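**Student:** Return a 3D structure for these sequence lines:
(one chain, ligands or ions: 1)
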Amino acid sequence: MASDRTDPPPRARQMYELMRELYPICRSITGNGARETLSIIGRHLPPELPLRVTEVASGTEVLDWTVPKEWNIRGGYIETLSGQRVVDFANHNLHVLNYSAPVDRRISREELDTHLYSLPDHPDWIPYRTSYYAERWGFCLSQRQRDTLTDPEYVVRIDSTLEPGHLTYAECSVPGQSEDEILLTTHICHPSLCNDNLSGIAVATHLLRELAAQPKPRYSLRVLFIPGTIGSICWLASNRERVQHIKHGMSLVCLGDDNPFTYKRSLAGGREVDRVMARAIGELGSPHQVIDYFPYGYDERQFNSPGFAVPFGSLMRGQHGQFPEYHTSADNLSFVTEQNLEASLGLVQNAVGMLNANRTFRNLRPYGEPQLGKRGVYRALGGTDIADTQLAIFWVLAMSDGKHDLLDVSERSGLPFALIRDAAAILEQTELLAAQTA
Ligand code: ZN
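**Tutor:** Have a look, this model is predicted:
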């Protein structure tokens, strides 16, 4: 992918540094790793946008699910009988099966083998495996490490707890002029994996920082920092009345790798968020793809489900399961770059701006073209790129029939959305255009 040669702004480095700070923490869908992660995210948010943390007790019924026991881990290793640690959680938190039950025993190599996970095709990488809802124990290791386990017996020890506790998630809201909102989700449940999904966390955190410094937008915006699946189910279970206010939704995942952008449409497809994302990605002029909805992935599955039916897409670079480093130790700090995070944040920021600005207008002087000169339109153009803005003005006047929105005008004319938006502002200011009220 062609990259911009100019140096990324300071926020790009700050996003990367946030990932670096979060990378060593062993996270899961519950436990202290999630709490520590949220407390770091909270410290990176401006004081006017506090992070609101919610704890949901184990055993709580949430929609069709039950909040599981809380998992915490202090250590885990495989040791030879002579006391040499051959696989150690202290070296990499992917080494222990995420949500692993505790174990402390001597074990034959044959039996141990049934508790091991490795990747023969990538012999130096450690896979990331979980077992949230079936209680078992296990170790993940590189194939090379696995091949060295030739002793007849080993000692296995996992110092973890699975006990009644809580599931922790957090949200942060930017108030808008309306109670209607844009909802973004990003999952916080993965341990030391960067693209999936510290990249999404970094982009979402910095989006909030940017929005805090701007005038009050039209829509409120909420970001959920939640464990995947069970986290959004918990949020939905206790926020049913809010769902009607979610006008546009999107999950932010895998946003730091070199792959071109992929936007996955909402289940309904063709909704405003889908059109905005297609336009915003298209305007970047770089390779990208817009794909149809499918019921794998992240929190879009919960929000698009019948009943809630929120138009909820997903923005990513590498697609889950489709890049070799996915869910392995190779998804590390060198797999993501400041430049890619910066481009992702820029795209999300632009898309949010487009959602806020996209309106349907009515031409107040239909029946022929209004005479722009006498209405002060040319004066209002000021220092703008006059030729393009004039063309945009004619497109907006031509299509503002109370049915087509600015995105339609941008699509039909092929002109950038920002130009169409600015043209509409000039026409509104000179009383040739009025926003259609729903
Ligand atoms: Zn994942």
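
**Student:** Strands along the stretch 1-150 of the chain, start to end?
**Tutor:** Applying DSSP state E, counting those that start in this stretch to the stretch 1-150 of the chain gives strands spanning 52-57, 61-62, 65-66, 70-80, 85-88, 103-108, 116-117, 139-140.

**Student:** export the helix or strand harbouring A343 as CSV, just CAs?
**Tutor:** Counting by DSSP states H and E, the element that carries A343 is helix 338-357. Below are the C-alpha coordinates for helix 338-357, written out as CSV (Å, rounded to 0.1, in the frame of the first residue of the first chain):
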residue,chain,number,x,y,z
GLU,A,338,2.0,4.5,13.7
GLN,A,339,1.2,5.4,10.1
ASN,A,340,-1.5,2.8,9.8
LEU,A,341,-3.0,3.8,13.1
GLU,A,342,-3.0,7.4,12.0
ALA,A,343,-4.7,6.6,8.7
SER,A,344,-7.3,4.5,10.6
LEU,A,345,-8.1,7.3,13.0
GLY,A,346,-8.3,9.8,10.2
LEU,A,347,-10.8,7.6,8.4
VAL,A,348,-13.0,7.1,11.5
GLN,A,349,-12.9,10.8,12.3
ASN,A,350,-13.9,11.7,8.7
ALA,A,351,-16.7,9.1,8.8
VAL,A,352,-18.0,10.5,12.1
GLY,A,353,-17.9,14.0,10.6
MET,A,354,-19.8,12.8,7.5
LEU,A,355,-22.5,11.2,9.6
ASN,A,356,-22.9,14.4,11.6
ALA,A,357,-23.0,16.6,8.4
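
**Student:** What is that helix packed up against?
**Tutor:** In terms of contacts (3 or more Cβ pairs under 8 Å, 6 or more residues apart in numbering; DSSP states H and E), helix 338-357 is packed against helix 10-22, strand 181-187, helix 200-212, strand 246-252, helix 272-282, strand 312-316, helix 417-429. To be clear about C-beta, it is placed using only N, CA and C from the backbone, and glycine gets the same treatment.

**Student:** Between helix 272-282 and it, find me the angle.
**Tutor:** With axes from the mean of the first three to the mean of the last three Cα atoms, to 10 degrees defining the directions, helix 338-357 sits at 140 degrees from helix 272-282.

**Student:** After helix 338-357, which helix or strand is next?
**Tutor:** Proceeding N to C from helix 338-357, the next assigned helix or strand is strand 360-363, under DSSP H and E.

**Student:** Can you lay out the helices and strands packed on helix 338-357 as CSV showing mean pLDDT?
**Tutor:** Converted to CSV, the helices and strands packed on helix 338-357 look like this (pLDDT from 0 to 100):
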stretch, mean pLDDT
helix 10-22, 98
strand 181-187, 98
helix 200-212, 97
strand 246-252, 98
helix 272-282, 98
strand 312-316, 98
helix 417-429, 95
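
**Student:** Just name the most buried of the strands of the stretch 1-150 of the chain.
**Tutor:** With neighbours defined as mean count of other Cβ atoms under 10 Å, the strands of the stretch 1-150 of the chain peak in mean count at strand 139-140, which reaches a mean of 28.

**Student:** quick one: contacts of that strand?
**Tutor:** With contact meaning Cβ atoms under 8 Å, 6 or more residues apart in numbering, strand 139-140 is reached by 76, 78, 87, 94-97, 115-118, 126-129, 156.

**Student:** Check the residues you listed and tell me the two furthest apart.
**Tutor:** Y128 and V156 (19.2 Å; Cβ to Cβ).

**Student:** Please identify the buried residues of stretch 133-141?
**Tutor:** By 16 or more other Cβ atoms under 10 Å, the buried positions in stretch 133-141 come out as W137, G138, F139, C140, L141.

**Student:** Identify the bridge partners of the fourth one.
**Tutor:** Okay, so that is C140. Per DSSP bridges, the residues bridged to C140 are Y117.

**Student:** Tell me the spacing between it and R52.
**Tutor:** Distance, C140 to R52, using Cβ to Cβ, to the nearest Å: 34 Å.

**Student:** With D7 instead?
**Tutor:** Per Cβ to Cβ, D7 is found 35 Å from R52.
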